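Trainee: Quick one: sequence plus predicted model below, questions after.
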Amino acid sequence: MRSQQLSVLTAWIVLQFFCGICSTVLLINVRNQGGEIIQENLTSNTTDDVITLEFQRSDGTLVTQVVDFKNEVLIIKALVLGEMEQGQNQYQTLCFVTHFYDKDFISSDAMAKLRQKNPSTVRVAEINRNYANYSMNLFLDVFQSNVISKHINDFCFEAAGSTFTRHEDVKKWAQRPDSSKTALLAAVHNFTIITSSQTTSNKTKSQSLSKCADTSTYTAPCTCSLELCISWYPCGLKFCKNKEEKDKPGLSYRCGIKTCKKCYIFSYYSKMKENCLWDE
């Protein structure tokens, strides 16, 4: 019995050791665009080749950014609190899934090696990548999303009816060597609205929607816009050169990281204006 307990204990210690290698967590104090200090939680998982960044905005919105290097997938999830002044006491979860290029972030392995000499220091990004507009013109079926990335279901299961992507992203993922176009097409859906004249025949018709800000009826569908800013994240490596010696060129070595700020404006379908009151 004792030998079994020792075996279990040994296995647990080994597991904890290897988990410590594959996953690294950093807590970073960051000054956001409004001058407020927020704390970002950065996790690097080298086994899955994923970086996760999470923080809470001053308005209570919880933002999670997931970078899946294996599948070239960027997930940004927002848990948005209800507008208490408008009588909303619940929250809604939104997920935006896009393609990205490796050059936009440092690798999960490089991220795992980062350490802070002064954890209390307030960080400010060196490079401002300004605003990027994303027109999220497709629904993404979370339960069929493994064809794109297994992490979508993990992070976006609460947003099963409000997870979005774009035609151009699907085209990029379709170019992956192991991609199944049939499975990809089955995982995404266009926005359609049933009109009163079509209800009896059960047909749908795609329609262009007004912006929620221009819509007066709170129960009407509209196009909502949500701005999400990542105020600080490692976006590249810095390289320095050793001093050149006679007849020998200086060798380059890694001497730090580049840090960036990027703001996203996501435009997406909202079932009703009431779910987009911040966009007034």
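Mentor: Cool, the structure landed.
Trainee: Can you show me the strands along the stretch 101-250 of the chain?
Mentor: Ranges of strands within the stretch 101-250 of the chain are 122-123, 127-135, 138-140, 163-165, 188-189, 222-241, based on DSSP state E, counting those that start in this stretch.
Trainee: What ranges does the stretch 51-200 of the chain have for its helices?
Mentor: Counting by DSSP state H, counting those that start in this stretch, residue ranges of the helices within the stretch 51-200 of the chain are 108-112, 150-156, 167-174, 181-187.
Trainee: Could you dump those helices into JSON lines and include mean neighbour count and distance to residue 38?
Mentor: C-beta here means a position set from N, CA and C on the backbone, and glycine is covered the same way. As requested, those are arranged in JSON lines below (neighbours: other CB atoms under 10 Å; distance: least, CB to CB, whole Å):
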{"stretch": "helix 108-112", "mean neighbour count": "19", "distance to residue 38": "19"}
{"stretch": "helix 150-156", "mean neighbour count": "20", "distance to residue 38": "20"}
{"stretch": "helix 167-174", "mean neighbour count": "16", "distance to residue 38": "28"}
{"stretch": "helix 181-187", "mean neighbour count": "14", "distance to residue 38": "34"}
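Trainee: Quick one, which of the ones you listed gets closest to residue 263.
Mentor: Smallest distance to residue 263 across the helices of the stretch 51-200 of the chain (CB to CB): 18.9 Å, for helix 167-174.
Trainee: Counting by contacts, list what the closest one packs against.
Mentor: Secondary-structure packing of helix 167-174 (3 or more CB pairs under 8 Å, 6 or more residues apart in numbering; DSSP states H and E): strand 91-99, helix 181-187.
Trainee: Return the most buried member of the strands of the stretch 101-250 of the chain.
Mentor: Most buried of the strands of the stretch 101-250 of the chain, by mean neighbour count (mean count of other CB atoms under 10 Å): strand 163-165, with a mean of 26.
Trainee: what sits against the most centrally placed residue in the chain?
Mentor: Centroid check for the chain by CA atoms, centre = their mean gives residue 76 as the closest residue, at 2.4 Å. Contact criterion CB atoms under 8 Å, 6 or more residues apart in numbering gives 63, 64, 65, 66, 95, 96, 98, 228, 264, 266 as the residues in contact with residue 76.
Trainee: go on, residue 173?
Mentor: 71, 72, 73, 99, 148, 179, 184.
Trainee: Kindly tell me how buried the first one is, as a neighbour count.
Mentor: What it means is residue 71. Applying other CB atoms under 10 Å, we find 19 other residues in the vicinity of residue 71.
Trainee: Can you tell me, leaving aside adjacent residues, what's nearest to it?
Mentor: The shortest distance from residue 71 to any non-neighbouring residue, by CB to CB, 6 or more residues apart in numbering, is to residue 149 (4.4 Å).
Trainee: Quickly note the distance from that neighbour to residue 171.
Mentor: Computed with CB to CB, to the nearest Å, the distance linking residue 149 and residue 171 is 16 Å.
Trainee: for residue 90, same thing?
Mentor: Remark: distance between residue 90 and residue 171 (CB to CB) = 36 Å.
Trainee: on that earlier part again, of all the contacts of residue 76, which comes closest to residue 116?
Mentor: Checking these against residue 116 with CB to CB, the nearest one is residue 65 at 19.4 Å.
Trainee: Help me confirm that that closest one comes into contact with residue 52.
Mentor: Yes - checked against CB atoms under 8 Å, the pair residue 65 and residue 52 is within contact range at 7.1 Å.
Trainee: Hmm, residue 44 is touching residue 66, no?
Mentor: No - counting by CB under 8 Å, residue 44 does not reach residue 66; the two are 11.6 Å apart.
Trainee: Which among the helices of the stretch 51-200 of the chain is found nearest to residue 238?
Mentor: Nearest to residue 238 among the helices of the stretch 51-200 of the chain is helix 108-112 (11.2 Å), distances taken as CB to CB.
Trainee: I'd like the distance from the closest one to the chain centre, please.
Mentor: Computed by CA atoms, centre = their mean, to the nearest Å, the separation of helix 108-112 from the middle of its chain amounts to 17 Å.
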